[in-house]
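>>> Here is my input, please return the structure:
(one chain, ligands or ions: 1)
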Amino acid sequence: MALTESILAILHDLLPSQRPLGLHEPELGSSEKALVTDCLDSGWVSSVGQYVDRFEQELTAYTGIPHATATINGTAALHTCLVLANVTAGDEVLLPSLTFVGSANPVIYQNAIPHFTDCETETLGIDPQRLADYLQDITELRAGTCYNRHTDRPIRALMVVHVLGHPARMNELAEIAQHYRLTLIEDAAESLGSWRDDRHTGSWGHLAALSFNGNKIITSGGGGAVLTSDPELARQAKHITTTAKQSHPWALEHDATGYNYRLPNLNAALGCAQLAQLPKRLMQKRDLARQYAEAFVELTDVQLQTEPANCRSNHWLNLLLLPNAQERDRLLTAAHAAKILLRPFWTPLHQLPMFADAPHMSLPQTEALFARGVCLPSSAQLAKVAT
Ligand SMILES: *Cc1c(COP(=O)(O)O)cnc(C)c1O
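As a prediction, the model looks like this:
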């Protein structure tokens with residue numbers, strides 16, 4: 001049997017018969033309905049209310065990261081992180097090319113310049129060894145600030161992304177950030193419930209961002225959060241996401257240009273109900289990843305991405321690596337014809353028109369993963385219940 005047909009046969013066998021079958025679908029039940037209804041009944045549906053506070057407290061309790069500020073989406077959370085990292089016009093921000101465009105867009109919102117780095121195959125995140133060699137080659141420290149010698153611009157921050165939920169090599173990357181005096185930001189939009197060395201993703205960075213978009217492991221409809229262990233950064237995050245309004249019984253005074261980025265209470269109610277499902281969801285997704293691994297073990301022409309060493313991954317999306325781009329496209333075409341809506345990786349950001357002039361290192365592993373990768377349907381409810 002040709003490779004495409006073998007893969008499709010495995011998918012047909014493993015997955016429920018529902019078609020079309022998307023990559024990641026939300027699961028909403030009676031507890032979601034109860035909390036959203038309670039929120040409606042309270043009348044507090046907008047940017048103030050008990051569910052926003054409760055959602056933030058539950059996020060800090062779950063992740064062990066001391067402060068959380070809920071935002072309107074993950075992109076706004078990342079934008080807030082960049083503002084608080086003092087990323088301003090003309091600064092460079094290091095980030096992977098193999099990520100969702102939402103990682104890089106907020107860099108542009110600050111009139112800063114994304115500088116793309118290559119990834120590695122075990123974690124799918126930034127390759128620390130290549131990054132260290134590259135920075136040693138192209139940078140110099142001037143009065144405590146890291147400069148790109150080729151562009152003469154300061155490199156202000158390093159944004160690490162936990163791609164598809166797999167924790168990046170944070171110990172090495174945090175060391176590099178410290179050595180080069182870069183503010184470390186973690187884009188943990190895909191990695192709620194993912195841990196390295198028993199530390200939740202997002203806990204190495206000065207700042208980190210979560211997303212609760214509809215396709216993430218849990219959803220608040222739309223939503224995000226800024227995480228930090230620094231109380232002063234947390235205070236500023238809250239302040240600038242709520243229009244930089246000063247606390248006062250009646251006066252409407254603002255002391256900076258702020259943003260209307262606060263998560264509405266209505267969305268936070270949904271988020272609270274979903275967060276309660278997370279432990280169960282994680283077990284189901286671990287089970288689904290195991291079922292995929294068992295199903296594909298005989299098919300030696302393809303590889304299923306596995307959990308990195310010393311990590312517990314949330315297995316947000318399961319990744320299958322094909323031999324080459326031709327086989328990838330053959331599979332995508334045939335699967336879509338069968339209404340199984342597989343997806344390739346995001347087109348690497350350095351290949352998109354708006355980032356065509358952005359600096360980058362050579363990106364062989366990014367390009368190889370993009371050429372070979374296909375994401376499989378990964379909703380938690382797809383895990384077959386053991387009989
Ligand atoms: C989803 C996502 C974002 C953006 O989150 P939104 O809530 O959709 O704005 C940013 N980065 C990554 C890696 C993501 O997957």
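>>> pLDDT below threshold where in the protein?
1, 385-387 (pLDDT under 70).
>>> hang on, isn't Ser229 packed against Ile65?
Yes. At 5.9 Å, Ser229 counts as touching Ile65 under the criterion of C-beta atoms under 8 Å. Just so you know, the C-beta spots here come from the backbone N, C-alpha and C atoms, and that holds for glycine as well.
>>> Neighbour count: the two, which is higher?
Ile65 (24 against 18; other C-beta atoms under 10 Å).
>>> Mind checking what secondary structure Arg156 has?
With DSSP: H, G, I helix; E, B strand; the rest coil as the basis, Arg156 sits in strand.
>>> Tell me how many other residues crowd it.
Neighbour number of Arg156 under other C-beta under 10 Å is 24.
>>> That one and Ala112 touch, don't they?
Yes. Between Arg156 and Ala112 there is a contact at 7.2 Å, judged by C-beta under 8 Å.
>>> re earlier: common neighbours of Ser229 and Ile65, please.
Contact criterion C-beta atoms under 8 Å, 6 or more residues apart in numbering; residues shared by Ser229 and Ile65: Ser203.
>>> looking at it, Arg181 is touching Leu141, isn't it?
Yes. Between Arg181 and Leu141 a contact is recorded at 7.0 Å, counting by C-beta under 8 Å.
>>> if I look at the residue in the chain that the ligand sits nearest to, how far off is Leu363?
Residue nearest to the ligand within the chain (C-beta to the nearest ligand atom): Gly74, separated by 2.5 Å. Going from Gly74 to Leu363 by C-beta to C-beta, to the nearest Å gives 24 Å.
>>> ditto for His166
19 Å.
>>> Could you pull up the residues touching Ser42?
Shown in contact with Ser42 (C-beta under 8 Å, 6+ apart): 49-50, 265.
>>> Most neighbours among those residues, which one is it?
Asn265 (24 neighbours).
>>> Now do the contacts for the nearest residue to that residue once chain neighbours are set aside.
Taking C-beta to C-beta, 6 or more residues apart in numbering as the measure, Asn265 lies nearest to Gly49, with 3.0 Å between them; neighbours along the chain are not counted. Gly49 is in contact with 39, 42, 265, 268, counting by C-beta under 8 Å, 6+ apart.
>>> got JSON lines for the residues you listed, with secondary structure too?
Listed next are the contacts of Gly49 as JSON lines, based on three-state DSSP:
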{"residue": "Cys39", "secondary structure": "helix"}
{"residue": "Ser42", "secondary structure": "helix"}
{"residue": "Asn265", "secondary structure": "helix"}
{"residue": "Ala268", "secondary structure": "helix"}
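>>> Show me which pair in these is furthest apart.
Farthest pair in the contacts of Gly49 (C-beta to C-beta) is Ser42 and Ala268. Separation: 11.7 Å.
>>> re earlier: compare neighbour counts for His166 and Leu363 and give me the winner.
His166 (26 against 22).
>>> and the more buried one, what does it touch?
Residues in contact with His166 (C-beta under 8 Å, 6+ apart) are 123-125, 191, 194, 305, 307-308, 311, 313.
>>> From what I see, Ala234 and Thr60 are in contact.
No. Contact between Ala234 and Thr60 fails when scored by C-beta under 8 Å: they sit 9.7 Å apart.
>>> joint contacts of those two?
In contact with both Ala234 and Thr60: 66-68, using C-beta under 8 Å, 6+ apart.
>>> Check the burial of Leu252 by counting its neighbours.
Counted by other C-beta under 10 Å, the residues lying close to Leu252 total 8.
>>> Distance-wise, check the closest residue to it other than its chain neighbours relative to Leu164.
Leaving aside its chain neighbours, Leu252 sits nearest to Lys245 (7.0 Å; criterion: C-beta to C-beta, 6+ apart). Distance, Lys245 to Leu164, by C-beta to C-beta: 38 Å.
>>> neighbour count winner among the two?
Between Lys245 and Leu164, Leu164 has the larger neighbour count (other C-beta under 10 Å), namely 24 against 14.
>>> Where does the more buried one sit: helix, strand or coil?
Put simply, Leu164 is helix when judged by three-state DSSP.
>>> Check whether it really touches Trp316, as I assumed.
Yes. With contact defined as C-beta under 8 Å, Leu164 and Trp316 form a contacting pair (5.5 Å).
>>> what is in contact with these two at once?
Common neighbours of Leu164 and Trp316, counting by C-beta under 8 Å, 6+ apart, are Glu190.
>>> quick one on the thing from earlier: which one (most neighbours) among the shared contacts of Ala234 and Thr60?
Top of the shared contacts of Ala234 and Thr60 by neighbour number is Ala68, holding 26 neighbours under the definition other C-beta under 10 Å.
>>> And that residue, which helix or strand is it part of?
Using DSSP states H and E, Ala68 maps to strand 67-71.
>>> hmm, that strand in reach of the ligand?
No. Using C-beta under 6 Å from any ligand atom, strand 67-71 never reaches the ligand; the gap is at least 8.6 Å.
>>> counting contacts, what elements does that strand pack onto?
Contacting strand 67-71 under the criterion 3 or more C-beta pairs under 8 Å, 6 or more residues apart in numbering; DSSP states H and E are the following elements: helix 50-63, helix 74-84, strand 224-228, helix 231-241.
>>> Moving C-terminal from the second one, which element do we reach first?
What that stands for is helix 74-84. Later in the chain than helix 74-84, the nearest helix or strand by DSSP H and E is strand 92-96.
>>> List the strands paired with that next one, with their directions.
Taking DSSP bridges as the criterion, strand 92-96 forms sheet pairs with strand 113-117 (parallel), strand 153-161 (parallel).
>>> Save those as JSON lines, and put in distance to Ile185 too.
Putting those into JSON lines (distance: least, C-beta to C-beta, whole Å) gives the following:
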{"stretch": "strand 113-117", "distance to Ile185": "12"}
{"stretch": "strand 153-161", "distance to Ile185": "5"}
